[in-house]
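Asker: fold the following and give me the result.
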Amino acid sequence: MNSYWPRGYGDPPPETVIVVGMPRDPLDQNFQSCELVGHLTNRYGITNSSIDGYTDVFVCRHLHQPWPDFWKHFQSFG
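Answerer: Modelled structure (predicted):
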């Protein structure tokens with residue numbers, strides 16, 4: 001858990017990513033397109049601190065920079 005950054009993004013790099021738990025602004029800055037496709041719901045009212053209140057689900061495509069450059073600056077968990 002929370003150790004994905006050291007493992008990398010895979011080979012070949014992804015062309016499409018599903019993003020949960022982030023605001024839209026940084027996604028729009030880094031990807032050519034990000035489509036809002038849904039929202040996380042929880043009928044029990046349990047708070048999920050991992051997503052910090054961001055319940056939107058996005059499908060993002062076409063990263064503006066090469067994956068190695070983007071990945072260096074994307075470490076959230078280590």
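Asker: neighbours around Phe58, how many?
Answerer: Phe58: 20 surrounding residues under other Cβ atoms under 10 Å. Every C-beta, even on glycine, is put in place using the N, C-alpha and C of the backbone.
Asker: just checking, what packs against the helix or strand in which it is found?
Answerer: Using DSSP states H and E, Phe58 sits within strand 56-63. Helices and strands touching strand 56-63, by 3 or more Cβ pairs under 8 Å, 6 or more residues apart in numbering; DSSP states H and E, are strand 16-20, helix 24-30, strand 31-39.
Asker: pLDDT value on the residue of the chain most remote from its centre, please?
Answerer: Most distant from the centre of the chain: Tyr44, at 24.6 Å, with distances by Cα atoms, centre = their mean. We have a pLDDT of 83 for Tyr44.
Asker: check Phe74 too.
Answerer: Per the predicted model, pLDDT is 74 at Phe74.
Asker: same question for Ser33.
Answerer: Per the predicted model, pLDDT is 97 at Ser33.
Asker: what bridges to it?
Answerer: Arg61 (DSSP bridges).
Asker: tell me how far stretch 19-28 lies from the chain's centre.
Answerer: 6 Å (Cα atoms, centre = their mean, to the nearest Å).
Asker: list the contacts of it.
Answerer: Contact with stretch 19-28 is made by 34, 36, 40, 50-52, 54, 56-60, as judged by Cβ atoms under 8 Å, 6 or more residues apart in numbering.
Asker: now the terminal residues of it, how far apart.
Answerer: End-to-end span of stretch 19-28 (Cα to Cα, to the nearest Å): 12 Å.
Asker: returning to that earlier point: helix/strand/coil for the residue farthest from the centre of the chain?
Answerer: Three-state call for Tyr44 (DSSP: H, G, I helix; E, B strand; the rest coil): coil.
Asker: one more: the one 3 residues further on?
Answerer: Look at Thr47: counting by three-state DSSP, its state is coil.
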